[in-house]
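Novice: No letters, just coordinates:
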């Protein structure tokens, strides 16, 4: 009979190695899932994890996609990790992402057809503000009305989606678009575009922002008192309060930063890879970023790698769809599985396994 | 613009049924001290399993059972992770929703728009044709009556039976319950499975009876609304019923207002059920003292027996 014994402090070795074990276990379980779908499991796993980077025909197209997809995931996950560490659960990043994109796009389109170089920075600021304001709703309700931020932030995603539908079909619709839904194309208009900075790399302003966010978060957690307060509030809320950490201020700050980063990610997406506001330009990055944050152990460097890995599963999933006709949702289930394995393996870093004789309590 | 109050009430009761079932299930889970944020994922699993079985077998009864079984199986993952492997309940619940949405979409590939049998109403046609009373009280589906009966059953069991006392004891203080010799993990495991089955029945009702189709992501936040209802209802079954009807009423009304094409923007109407849920949640939770009194004391805390 196995008994679990709580470790005084979580094991560092296990904390670092569980994400890797989780990925391996997900490959095995995912392989079984693909086999159940009638695919060769080894071929499918190879197409998802290997071919996007090294396939002679597809790699040239899919390699740049890695940064394109990892950028928003990392940017959002970095923001979420601040709150998750402090025990503040913003799970409505998808909504903040949408609102940031709408705010930024609206700013850019307000000055159409100007091509002034000041417009794009203005759009970024509008995106940041849009995402922040949307996140302020659950933050202020949490602080002043004690309302659960998990539920409010999540329910606001559906409100944001309704807003997106009205923007795409109504007030942001392309006036020259023959009545089709969708805004003007931002990516194909100088001044509002978020271009690829180095040809063939997939690097755009949003990816750059994601890298900056990783470094900033790293410094915050390692060197700044605020990072210490966030960690303290998550691990020992009472101790944090006694040491002078203001919980309300922390809630507003964590939700505000995560909202701002999600909003910026939305703006970079809509002015670059997505190109325009459409009813469904958002592709669930706000939710996948939750997995990225956990997979990266809420650690900035970890999130960087987790974001790249998750981006790889997106691209590999698309490739598997193309080559093997694997249904698109399979990859979503695959990503969910990864999170399960990760959470299940956490037991190893928090507890020690002991073999004990049956019946001895 | 004419909105018929009778059909509005009938629609309200039908729309509220899935949310009511899921919220009642979650209420029992939370009373046992477990916070399962995976309701949305379990509901959609119930919806897809129910729809597939309805399509394959033509039997609504089997479809509802399949919905319950599918969602309960999904909730078992949550139960193993949180109860045996002591994972964080918030994170695991979120994972359950993300995984459930993906798995359901995968299972449902090719089933969109497939035919399913009509579900017969339990009461005879004659009773349903009685004006006003007939449609409002006697014209519903069996599952709707089961849901309303479950409100009373769960209230009675939690409040007046030994089983209810044990569930509440586990939810208020798992250490005390453990010291008294109750199997905390086992009781919580069973509560989680019950919550899964209820959410699954709600999901199956949504796809097999209300929408009569499978659409990817069709629960559209109903699981989250169910979670909000539990908080809103201060963990009291009677108030869950009231909250579900309030939600159903807003949802039914906004659909009619959209059809009537009055001056209100469609986006605002689409968002109204979510906005009203948030507003009600704010009103209910702003009274700190009362919320703290009603919430199960061990809610969301991990139990690990030492010694």
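Specialist: It's in. Predicted model, so just to flag it, every value in this text is computed and none were measured. Numbering: from 1, shown residues only, chains lettered A, B, ... in the order given.

Novice: residues in the stretch 101-250 of chain B within reach of chain A, list them.
Specialist: B:101-106, B:109, B:216, B:220-221, B:224-225, B:227-228, B:231 (C-beta under 8 Å from any C-beta of the partner chain). C-betas here are computed from N, CA, C, even on glycine.

Novice: Those residues: which two are farthest apart?
Specialist: Using C-beta to C-beta, the pair of these lying farthest apart is B:109 and B:231, separated by 35.0 Å.

Novice: which one of those two has more residues nearby?
Specialist: residue B:231 (22 against 15; other C-beta atoms under 10 Å in any protein chain shown).

Novice: just the buried members of the residues of the stretch 101-250 of chain B next to chain A?
Specialist: By neighbour count, with 16 or more other C-beta atoms under 10 Å in any protein chain shown, those hold B:101-106, B:216, B:220-221, B:224-225, B:227-228, B:231 as buried.

Novice: between those residues, which is nearest residue A:49?
Specialist: Using C-beta to C-beta, these come closest to residue A:49 at residue B:102, 17.9 Å.

Novice: Now do the contacts for the nearest residue to that closest one once chain neighbours are set aside.
Specialist: Distances taken as C-beta to C-beta, 6 or more residues apart in numbering or on different chains place residue A:332 nearest to residue B:102, at 3.1 Å, with adjacent residues excluded. Contacts of residue A:332 were listed using C-beta atoms under 8 Å, 6 or more residues apart in numbering or on different chains, and they are A:284, B:98, B:101, B:102, B:105, B:106.

Novice: In a helix, the fourth one, correct?
Specialist: It stands for residue B:102. Yes - according to DSSP: H, G, I helix; E, B strand; the rest coil, residue B:102 belongs to a helix.

Novice: got a list of what it touches?
Specialist: A:329, A:330, A:331, A:332, A:333, A:334, A:335, A:336.

Novice: In CSV: the residues you listed, plus distance to residue B:268, pLDDT and secondary structure.
Specialist: As requested, the contacts of residue B:102 are exported to CSV (distance: C-beta to C-beta, whole Å; pLDDT from 0 to 100; DSSP: H, G, I helix; E, B strand; the rest coil):
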residue, distance to residue B:268, pLDDT, secondary structure
A:329, 31, 85, helix
A:330, 36, 85, helix
A:331, 34, 85, helix
A:332, 30, 85, helix
A:333, 34, 87, helix
A:334, 37, 86, helix
A:335, 33, 86, helix
A:336, 33, 88, helix
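
Novice: Tell me which residue of the stretch 151-300 of chain A lies closest to chain B.
Specialist: residue A:166 (3.5 Å; C-beta to the nearest C-beta).

Novice: So for that residue, what's the pLDDT?
Specialist: Predicted confidence (pLDDT) for residue A:166: 87.

Novice: Just give the closest residue to it, not the sequence neighbours.
Specialist: residue B:267 (3.5 Å).

Novice: my read: residue A:302 touches residue A:292, true?
Specialist: No - using C-beta atoms under 8 Å as the test, residue A:302 is too far from residue A:292 to be in contact (9.3 Å).

Novice: out of the two, which sits in the more crowded spot?
Specialist: Per other C-beta under 10 Å, whichever of residue A:302 and residue A:292 has more neighbours is residue A:292, with 30 against 21.

Novice: How about the contacts made by that one?
Specialist: Taking C-beta under 8 Å, 6+ apart as the test, what residue A:292 contacts is A:73, A:74, A:76, A:77, A:303, A:306, A:307, A:310.

Novice: ok, these vs chain B, which is closest?
Specialist: Distances from chain B to these, taken by C-beta to the nearest C-beta, are shortest for residue A:310, at 11.9 Å.

Novice: OK, contacts around that closest one?
Specialist: With the criterion set at C-beta under 8 Å, 6+ apart, residue A:310 makes contact with A:69, A:70, A:73, A:288, A:291, A:292, A:295, A:335.

Novice: what would the residues you listed look like in JSON lines with secondary structure?
Specialist: Listed next are the contacts of residue A:310 as JSON lines, based on three-state DSSP:
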{"residue": "A:69", "secondary structure": "helix"}
{"residue": "A:70", "secondary structure": "helix"}
{"residue": "A:73", "secondary structure": "helix"}
{"residue": "A:288", "secondary structure": "helix"}
{"residue": "A:291", "secondary structure": "helix"}
{"residue": "A:292", "secondary structure": "helix"}
{"residue": "A:295", "secondary structure": "helix"}
{"residue": "A:335", "secondary structure": "helix"}
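
Novice: Tell me the buried residues within these.
Specialist: Buried, going by 16+ other C-beta under 10 Å: A:69, A:70, A:73, A:288, A:291, A:292, A:295, A:335, out of the contacts of residue A:310.

Novice: Select, from the residues you listed, the two members most distant in space.
Specialist: A:69 and A:295 (14.7 Å).

Novice: any idea which element residue 253 lies in?
Specialist: No chain was given, so I picked chain A. helix A:247-271 (DSSP states H and E).

Novice: wait, I meant chain B there
Specialist: Going by DSSP H and E, residue B:253 is in helix B:237-260.

Novice: what about the helix or strand following that helix, distance to the chain center?
Specialist: The first helix or strand that comes after helix B:237-260 along the chain, using DSSP H and E, is helix B:266-285. Centroid separation between helix B:266-285 and its chain, computed with C-alpha atoms, centre = their mean, to the nearest Å, is 18 Å.

Novice: what's in contact with helix B:266-285?
Specialist: A:141, A:145-148, A:151-152, A:155-156, A:158-159, A:162-163, A:165-166, A:170, B:221, B:225, B:228-229, B:231-232, B:234, B:243, B:246-247, B:250-251, B:254, B:257-258, B:291.

Novice: just checking, which of these belong to helices?
Specialist: A:141, A:145, A:151-152, A:155-156, A:158-159, A:162-163, A:165-166, B:225, B:228-229, B:231-232, B:243, B:246-247, B:250-251, B:254, B:257-258, B:291 (DSSP state H).

Novice: how deep is the residue in the stretch 201-307 of chain B positioned nearest to chain A tucked in, by neighbour count?
Specialist: For the stretch 201-307 of chain B, the residue closest to chain A is residue B:267, as judged by C-beta to the nearest C-beta, at 3.5 Å. Using other C-beta under 10 Å, the number of residues around residue B:267 comes to 19.
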